[in-house]
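Novice: let's see this in three dimensions:
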Amino acid sequence: MSRTHTATATDADVHDGNSNQHPAPERDRRGPANDGTDPPNPVRLILAEAPTDLRRLFGLASEFKEGDDALGIASHSPAERDAARLQLSLLRVGDIRPDRFSNDRELADYAEEFGLDLQVAARIAGWTLGELREFLVDASEDAIRAILPGLRSEVIAGVVKLMSNDDLICVASKIWNPPAPGSTLGTHGRFASRIQPNSATDDPEEVLMSVLEGLSYGCGDAIFGINIVASDLPNVATLEAVLLDVIQTFQLGDKTKHCVLAHLDEQMAVHAGQHRDDALRRSRSPAPSSSSSNASSPPPAATERSASPAAHTAAQLIESTPGHDLIGVAFQSIGGTLAVNRVFGISVASLRAAATKVPALYYETGQGSAVTNGASNGIDMVTCEARAHGLARALRNESRNWTIVNSVVGFIGPEVHKSRDQLLRACLEDLCMGKLHGLTFGLDICATYHMDITLDDIEFIQDAVLAAGPAFYMAVAGRNDPMLSYITTGFRDHPRLRLAHGVHGTDEMRDFFVHDLGVMNYDGSMTGRAGDTAAVYAAYRHRKGDTRPHAEIIAEGRAILEKMQRRGLDLGYGHDGAFRAPPTVRQRLQEIYDGAKRAVRQEIHPATLRVRLAPVIGDQPAQDAVELVSEAQGRDEYLRRPVTGERLTRASLDLLAQVRAQSVPLPGRHVRAAIVISDGLNADSIHAPGHVDVLVEALHAECAARQIDLPFPLIIVRNGRVRAGYVVGCDLFSPRAARDGADEEVGVVFHVIGERPGNGQNSLSVYLVAATPGTWAQGVDHNHARVVSGVSATALDPRTAARECLLFVDQVVERVVGARREDGALESATEGEECAPGSSKAADVASKHVNETMPALMRVNSRRGLGV
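Specialist: Predicted coordinates:
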């Protein structure tokens with residue numbers, strides 16, 4: 001691998017469905033498009049015959065978005081776009097095939113086998129795309145439904161490009177797709193919600209109170225679904241149990257469902273009961289080193305969490321519940337190319353296998369995920385999104401499982417959607433395409449704090465899109481997610497939206513809200529008890545057999561909520577009478593918004609960091625910090641073109657080579673590590689006292705306790721993104737791949753980086769990769785990494801974070817040793833190939849074993865791997 005760890009993407013590379021692990025420079029990632037210096041002539045476009053390769057034409061016909069522009073396939077004038085659309089409208093439906101976009105045969109074949117009715121497709125093959133658009137706009141739902149099974153994903157993407165926003169609303173509002181017979185979710189006049197009870201520390205008590213507050217506003221009738229911080233198996237099981245406990249306590253049965261949005265592999269491991277083995281292994285892991293300040297004492301927050309009644313209840317439920325009952329819904333983020341699904345650590349085979357084991361499926365998609373991972377194969381964002389919907393349709397059709405899908409629109413950032421108009425357009429496109437695929441389709445209409453989107457803009461889009469009939473939106477405490485640091489739909493928004501648009505939640509949950517909680521009238525309007533979280537807590541406790549006086553339980557609930565409020569959470573404040581936040585709460589959200597806008601513009605200050613870290617790294621020359629710089633020329637380019645933050649300048653690469661050459665590894669150490677610090681999207685979290693200084697000291701101590709060598713100086717990357725850490729690791733460790741015994745070594749990178757600001761915790765993350773030199777040499781990406789997130793003085797204690805990182809390293813080392821011994825891999829050939837030490841086959845055996853069995857703190861998926 002070259003030092004820049006990039007490679008040019010030729011047409012052949014794009015068409016064979018393969019993607020390099022690191023995105024190539026922008027000029028080389030544009031696939032079949034021109035370089036932007038010779039804009040296509042609109043007249044020639046109109047007169048020209050459609051090319052065999054449709055990627056450029058489809059890109060030019062799309063509404064302008066930054067993500068397509070980064071690929072070099074966006075139109076830059078209305079005339080150019082209209083010309084492309086006219087040419088597109090003349091294409092025959094039968095001529096729009098997957099092979100005219102890429103050779104992802106596995107994905108295309110599966111989508112066609114289980115997602116396409118060939119007889120229906122043959123009947124409409126002669127229609128032009130323009131005729132299809134007219135039919136969809138003018139026809140009834142029954143007439144539309146008759147042709148849906150014959151629509152390929154690429155056809156759906158193409159026809160959507162011909163539609164105005166009003167057309168998209170018209171078509172989407174005519175199609176209603178429940179997830180199962182008899183369900184009212186996704187049916188006409190129903191608008192549901194997913195309670196997203198995220199916690200920056202995976203605190204079971206926070207999760208419980210967030211769910212209860214959501215219920216107090218009539219939310220949660222689609223699903224309870226939590227994004228997890230640390231997806232080690234015991235934690236996945238714990239949070240599944242917290243959600244399942246609420247459903248069982250209120251006897252909701254199949255009226256709603258629950259899931260933990262961990263990686264699919266982790267969910268399937270809990271389903272198989274492996275969380276019990278993991279819990280036992282963790283209990284036997286080395287104790288924290290006493291050389292780290294207070295390392296032997298768990299931080300107060302951790303002690304409080306482990307002792308909470310919610311955690312105790314979850315532990316009891318785990319003991320009495322088989323893993324296959326904890327996992328009632330299998331979740332996974334999916335994309336529209338094989339390459340992006342590899343980045344997500346999944347395959348068609350793994351998705352199909354999970355669908356056979358779990359009775360309900362939940363998939364998350366979103367425009368831009370393939371682009372930001374350099375895995376779009378030159379296909380525009382709308383078409384990639386449609387192909388992801390086609391994959392979900394095939395999985396649902398083959399399994400016949402209850403299935404829901406939602407698109408996350410706005411989470412990645414300004415590199416794919418920059419303006420309110422782009423965000424609105426993407427929401428309508430995704431929703432219309434999802435419905436045309438026959439899916440029960442919801443939306444996470446959201447924005448990050450580094451986008452040019454205001455709080456009012458998000459509210460405007462949420463109202464506008466509701467006319468198109470989404471099955472559900474997200475619902476979080478206070479509109480600001482405390483773990484993912486982004487703005488989305490809050491609990492209070494849902495009663496307001498339902499009332500304003502004359503829609504109701506699902507019929508299945510209505511009796512519960514009306515009779516059991518008393519927060520809703522039967523006509524769907526809310527009562528005066530709406531938003532009274534303490535009252536719902538009391539109902540929960542009574543249902544669990546708590547015989548204490550009602551007033552005493554109410555007081556306990558309020559005390560818990562006050563504790564949450566001191567942590568900065570928007571829980572227990574109620575509403576202003578019109579289902580908006582009280583003035584003081586609105587003011588705090590605006591302050592968070594303004595502060596986050598400032599934070600994303602800040603760069604790391606290496607000199608300041610050196611002073612703060614001096615007691616940790618020492619003053620020996622070998623331990624002095626080294627400063628590297630990404631290719632981003634300032635924060636504007638860093639935010640606008642994320643790939644520049646993923647690559648290092650030539651001078652920095654030369655300096656890194658010197659660091660490698662001058663490092664003196666300790667003899668006999670098979671594990672070597674480097675600590676990298678980048679500003680990411682929040683340099684404030686790096687500079688904050690008690691953050692990086694405590695974390696780096698704890699990492700040093702934990703490594704020393706395990707005799708892990710730290711031969712490199714501390715590495716600081718200015719304007720660095722997550723993949724910059726992979727570049728550093730490849731440069732430091734891949735040259736050792738050719739040495740004898742290299743497949744017994746492990747190279748570790750701890751990449752400390754500022755998280756997206758806005759969660760109120762000013763937190764950072766540690767992205768870590770532990771791999772053999774052979775794996776580093778082959779190139780690593782998000783699918784090789786794990787992340788410990790939410791690290792701050794007020795959330796996950798840095799000492800605890802360091803210990804979590806090293807638990808992961810411990811298990812990788814254990815697996816590498818196991819791989820070397822397994823089946824006599826060092827001495828024998830496998831399938832007729834040499835497996836000698838240092839050979840590529842030996843490295844493959846070791847890395848495959850590690851990747852299949854490595855524990856997950858949190859796999860880097862679409863929510864954690866993008867936009868950082």
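Novice: the helices in the stretch 501-650 of the chain, which residues?
Specialist: Ranges of helices in the stretch 501-650 of the chain, per DSSP state H, counting those that start in this stretch, are 507-511, 533-543, 550-566, 583-599, 606-617, 635-640, 643-646, 650-662.
Novice: can I get the ones you listed in TSV including mean neighbour count, mean pLDDT and distance to Glu744?
Specialist: The C-beta positions use only the backbone N, C-alpha and C, and glycine is treated the same way. Compiled in TSV, those are given as follows (neighbours: other CB atoms under 10 Å; pLDDT from 0 to 100; distance: least, CB to CB, whole Å):
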stretch	mean neighbour count	mean pLDDT	distance to Glu744
helix 507-511	18	98	56
helix 533-543	21	99	53
helix 550-566	16	97	48
helix 583-599	15	92	43
helix 606-617	16	81	29
helix 635-640	18	92	39
helix 643-646	24	95	30
helix 650-662	15	96	20
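Novice: dump the ones you listed to CSV, plus distance to Gly438.
Specialist: Converted to CSV, the helices of the stretch 501-650 of the chain look like this (distance: least, CB to CB, whole Å):
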stretch, distance to Gly438
helix 507-511, 21
helix 533-543, 36
helix 550-566, 41
helix 583-599, 38
helix 606-617, 53
helix 635-640, 37
helix 643-646, 36
helix 650-662, 50
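Novice: let me know which of those helices is the nearest to Arg496.
Specialist: Of all these, the one in closest proximity to Arg496, counting by CB to CB, is helix 583-599 (13.9 Å).
Novice: need the residues that contact the closest one.
Specialist: Helix 583-599 has contacts (CB atoms under 8 Å, 6 or more residues apart in numbering) with 449-450, 455, 478-480, 485, 487, 570, 573, 576, 580-581, 681-684, 756-758, 760.
Novice: of the residues you listed, just the buried ones, ChimeraX syntax please.
Specialist: Typed into ChimeraX, the line below selects the buried ones among the contacts of helix 583-599, using 16 or more other CB atoms under 10 Å:
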select :449,450,478,479,480,485,487,570,573,581,681,682,683,684,756,757,758,760
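Novice: check contacts around Thr52.
Specialist: Arg100.
Novice: burial count for Gln274?
Specialist: Gln274 has 17 neighbouring residues, counting by other CB atoms under 10 Å.
Novice: what does Pro414 give?
Specialist: 22.
Novice: so it, which of the three states?
Specialist: Recorded secondary structure, Pro414: coil (DSSP: H, G, I helix; E, B strand; the rest coil).
Novice: among the contacts of helix 583-599, which are in helices?
Specialist: Leu455, Ala683, Asp684 (DSSP state H).
Novice: do you know how far the first one is from Leu589?
Specialist: As defined by CB to CB, to the nearest Å, Leu455 lies at a distance of 7 Å from Leu589.
Novice: so which of the ones in helices among the contacts of helix 583-599 comes closest to Glu213?
Specialist: Out of those, the member with the shortest distance to Glu213 (by CB to CB) is Leu455, at 20.0 Å.
Novice: let me see the contact set for that closest one.
Specialist: Taking CB under 8 Å, 6+ apart, one finds Arg479, Ile487, Leu589, Gln590, Tyr593 in contact with Leu455.
Novice: break the protein into its domains for me.
Specialist: With domains defined by automatic domain parsing, the chain comprises 11-172, 192-283+316-580, 601-853.
Novice: for Gly182, find the nearest of these.
Specialist: Comparing the domains of the chain under CB to CB, the one sitting nearest is domain 192-283+316-580, at 9.1 Å.
Novice: centre of the chain to the closest one, how far?
Specialist: Computed by CA atoms, centre = their mean, to the nearest Å, the chain-centroid distance of domain 192-283+316-580 equals 13 Å.
Novice: point out where the stretch 701-850 of the chain drops to low pLDDT.
Specialist: Along the stretch 701-850 of the chain, segments meeting pLDDT under 70 span 741, 819-850.
Novice: kind regards, and thank you for your time.
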